[in-house]
Structure formats: structure tokens, C-alpha cells
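Colleague: sequence first, then the predicted structure, then my questions.
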Amino acid sequence: MFCQREGKNCGVMAGQGGAWNRALPRVGESGSLVHRMEVLASSESVGKRLCRSCGGALGRPILDLGIQPLANNLPRPEDLASGRPEPCFPLRLAVCPACWLMQITEVVPPVELFGNYLYFSSFSDAMLRHARAAAGRLMANERLGAGSFLVEVASNDGYLLRNFVEAGVPCLGIEPASNVAEVAVKRGIPTLNEFFGLALARRLASEGRRADVVLGNNVFAHAPDTNDFVAGLGALLKPGGVAVLEFPYGCELVEQLEFDTIYHEHVFYFTLSALLPLFARHGMEVTDVERMAIHGGSLRLSAAHAGTRAVMPSVAGLLDEERGKGVCGAGYYEAFAERVGKLREALLGLLREIQGRGQSIAAYGASAKGSTLLNFYGLGRGGMDCIEFVADRSTAKQGRLTPGTHLPIVGPEALRERKPDYTLLLTWNFAEEILGQQAAYRAAGGRFIVPLPVVRVV
Ligand SMILES: [Zn+2]
């Protein structure tokens, strides 16, 4: 199946059958379908792209994941039957040789990404616990009370803000996906259905609604106009107020081979080194950083108007660590694609071996990262068709198909009922929780395959 250029749009459209390579070409293999797609999609030269932070010319991509469908756009079987095409876009990661910010080279219009967003955070127990603990700590540290005002950007279904509502702290959620914002409002969480940026921040400020605290969990790296986002934080915060942002840490991507955290919604892969000039450009500074285990290794970063809050030693500490690794140099990023290619060969080899023994394989977690992995590895209908189904707890996803690879999504009870010999764990970031929930499947002989940073069977 070939992708075709779609007028002036930066993307390409894939028809029925998936957007990826059937022949499982190796990374960079010349003559592969991936390579031909790249040619089709190359009218906007990657070499001419500019860094979305500093405006300098981006270097060559450090990883090319081919043409991929939108990772959170899960088609229904009837969508495929009607022949409606799946939107697909090139997925490549590049690094800016001036400010060392890792970013994808093609940004998809937000309206394509958030039209019908199926991710409801409240479905993960680990995430709810993480949110409750974080809210409690923040209320204590910032002494938040009835006279404070807290804003959360990309507040999803209100899973975090409900902790502040329950504690009587005035708050406001900003959520661009209308169906998700609706759920929050129904739950009694004040929510604006809008995109965050400087314009909205100025409007709130002009209404006298400047914030003591602005929170952003897994949204900062998703906002393509990162200068507008940071300027918006500055405009929304009261003097002395603090923005607390959580996002996957770029060093984990490179060092732990978390290539599947790359998808079109996720524009940036931040290191502290790359963030300092971005905040400085808008009169702000990073005042604290903390590394966290969630989502395969994240950073929680605090930022404020420059000179208004104490800068913690953690900032210089992490910066030193990054300098020691060479984060601000090309060498750090060089062998990334080759290491990811080897990881792919290792998993495909294991799956072929299992198939050769006549044993069955399923997958767990119809997540965005699962979509990137399945499409890049060519695992699904029309490719290496060895996975029978994908189990997922989210009822909104059940009955749909995985993007591009078109594997049926079913409830997690399918593992116990259909007893696949092996289950590929696509949501490896929740491994502990899922292995616990699936104790009965494992006790009955089912094995999980964790795909990275090294392929292992548990
Ligand atoms: Zn740059």
C-alpha cells in the first residue's frame, strides 16, 4: 500500500491495509517501502527545517520511524470497511545543533490530533496514585488554600484537579479535546475547552485570573509552538508563582532506547540543557528539577519569573550530569538509530522463533507507544501477522483497531480466556501494575515479552 501526497498538507494519506512496510525492511535499507515513502513525502526538505525553540537549522534526523498513522487515532472496523483513509505522516526525530533540543520534523495540525481523543487518564491506577500524591505535596509546599488559584494545562478528564476541588483550592482546567473536557465538566471540574498559549494566558490575566501555580503534565512536549507556550506560562503566573511541568526525559529516550515514546503528538524530547535557553528567552528560569520513574523516566521541572524564587541545587546538579554525558554534542545522538534497529531485530527474531514453535502471541496495551512500535516493526495485518489481538482496559478502545496495523482491541480478560502463550507488553511503563493484574494468566503459564531497553521474557 502506498501513501500519496495530499495536496499542500504536510502529511500523506494511507488507505486500507496499514501505513507501514510489509517487507520488514531494516532501518535505512535502501529500496524498502519506508525509503520510497520518504521520497514521496520529501517535498518539504528536512534539511531546511528550523528548530522550534531557537530558530536555527535542524540537522539530519537521528531516527526515522517511517510513515506512521496518528498513534491515538484508533479506527473502528466500519471505518476500514467504508474505505475511509487513515491519515499518515512521516515520523522522524532530529536534534538542533545549536540548542540541542530533540524534536520531530513533521508537526501534525492539532485539529487532526484531538478530534476524537480516546485517552482517558483515569483508566490507569498508577496514574491516579501518582496524581493524588503530587497534588498533596504541592498543596503543602505552596501552602495552597481557598485564596489561591491553580490552573492545569491539558487537564484531561480532571483526574488530577479533582484532588484540588476536593480540598477547596480554586482551580481551572484547560483541555483541548472537547469529548474529554465534557467528562471533566460533568464531574464538577471547572474546565475550558481550548488550547493553551499566550493569547489565552493574556485573556485570563486581563480577567484578573493570574495563577499561583500552573501545572502541565505531559503537555509541554506536545505543544508545537514551544515559545508561545512558555511565554503563556509567564503571562499567566503571578509574580512569585510557579509552573510545574512533567514530561518524559530526553536522556531516557536516548539511553534506554525508548523510541516508541516518539509519536506525532509528542513534538519535543526535552533535556535540561535544551530547556534553559527556552525559558531564559521569555524572562523565566528553571528553579527545580526532579527525576521520576513514571512513563519510563520523566522530569518534573519548576519554573518561575527570573529572580523571583530560589534556584535549587538540583538544577546545577542535573546540568552537570548532562554535560558529563555530552548531551550538548553530536556524539551523544549518533548511534541511536543503529541501536534501535538492533532492538527491532531482536524482538522480531524472538517472535519468529515463537511462531516457528507453533505457539500463539497477543499484545497488551493499545497505547500511543504501542502504535509506534507495531508500525515501525511491521507487526500487524498485512505485515508480520503474528499477533492475534491487543488487550486493553480502556472500554473506549475496545472494539476498535490499532492504527495502521489493524489488530483488534479487546478487554484484558481475553488473556485468561484465550490463553496466548506469549503477550507482548506494549505499555512497558506500567509493567509492574499489569503483571500484577495478570497474575492468573501468568500462573496458568502465560509469559510476557518486555520489548525494551532489551528484549526479555518474564
Ligand atoms: Zn535550537
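Modeller: Now that the structure is in, tell me what you want to look at. Residues are numbered from 1 along each chain as shown.

Colleague: where's Leu144, which helix or strand?
Modeller: Assessed by DSSP states H and E, Leu144 sits outside every helix and strand.

Colleague: any idea how far it lies from the ion?
Modeller: Distance from Leu144 to the ion, counting by Cβ to the ion, to the nearest Å: 35 Å. (C-beta placed from N, C-alpha, C; glycine too.)

Colleague: Ala439: neighbour count?
Modeller: A count of neighbours around Ala439, defined by other Cβ atoms under 10 Å, yields 9.

Colleague: need the contact list for it.
Modeller: Contacts here follow Cβ atoms under 8 Å, 6 or more residues apart in numbering; on that basis Ala439 touches nothing.

Colleague: pLDDT at it, what is it?
Modeller: The predicted local distance difference test score for Ala439 is 95.

Colleague: of all residues in the stretch 151-300 of the chain, which one is closest to the ion?
Modeller: Closest contact between the stretch 151-300 of the chain and the ion, by Cβ to the ion, is at Ala274 (7.4 Å).

Colleague: can you name the element that comes right after the strand or helix carrying that residue?
Modeller: Mapping Ala274 onto the secondary structure by DSSP H and E places it in helix 272-280. From helix 272-280 onward toward the C-terminus, using DSSP H and E, the following helix or strand is strand 284-292.

Colleague: quick one: contacts of that next one?
Modeller: By Cβ under 8 Å, 6+ apart, the surrounding residues in contact with strand 284-292 are 230, 233-234, 242-243, 246, 249, 272, 275-276, 279, 297-307, 309-312, 314-315, 318.

Colleague: next step: these restricted to helices.
Modeller: Using DSSP state H, the subset of the contacts of strand 284-292 located in helices is 230, 233-234, 272, 275-276, 279, 314-315, 318.

Colleague: most neighbours among those residues, please name it.
Modeller: Scoring the ones in helices among the contacts of strand 284-292 on neighbours with other Cβ under 10 Å, the highest-scoring entry is Leu233 at 28 neighbours.

Colleague: tell me, how many residues neighbour the spatially closest residue to that residue that is not a sequence neighbour?
Modeller: When the adjacent residues along the chain are set aside, Leu233 lies closest to Ala243, with 4.5 Å between them (Cβ to Cβ, 6 or more residues apart in numbering). Around Ala243 sit 27 other residues, with neighbours defined as other Cβ under 10 Å.

Colleague: put the alpha carbons of stretch 66-76 into PDB.
Modeller: What follows is stretch 66-76 as a C-alpha-only set of coordinates in PDB (Å, rounded to 0.1, in the frame of the first residue of the first chain):
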ATOM      1  CA  GLY A  66       8.900   5.800   8.600                       C
ATOM      2  CA  ILE A  67       5.400   6.900   7.600                       C
ATOM      3  CA  GLN A  68       3.100   6.400  10.600                       C
ATOM      4  CA  PRO A  69      -0.600   6.800  11.300                       C
ATOM      5  CA  LEU A  70      -1.700   9.000  14.200                       C
ATOM      6  CA  ALA A  71      -1.000   6.900  17.300                       C
ATOM      7  CA  ASN A  72      -4.200   7.800  19.100                       C
ATOM      8  CA  ASN A  73      -6.500   7.600  16.100                       C
ATOM      9  CA  LEU A  74      -8.000   4.100  16.600                       C
ATOM     10  CA  PRO A  75     -10.200   3.200  13.600                       C
ATOM     11  CA  ARG A  76     -13.400   1.200  14.000                       C
END
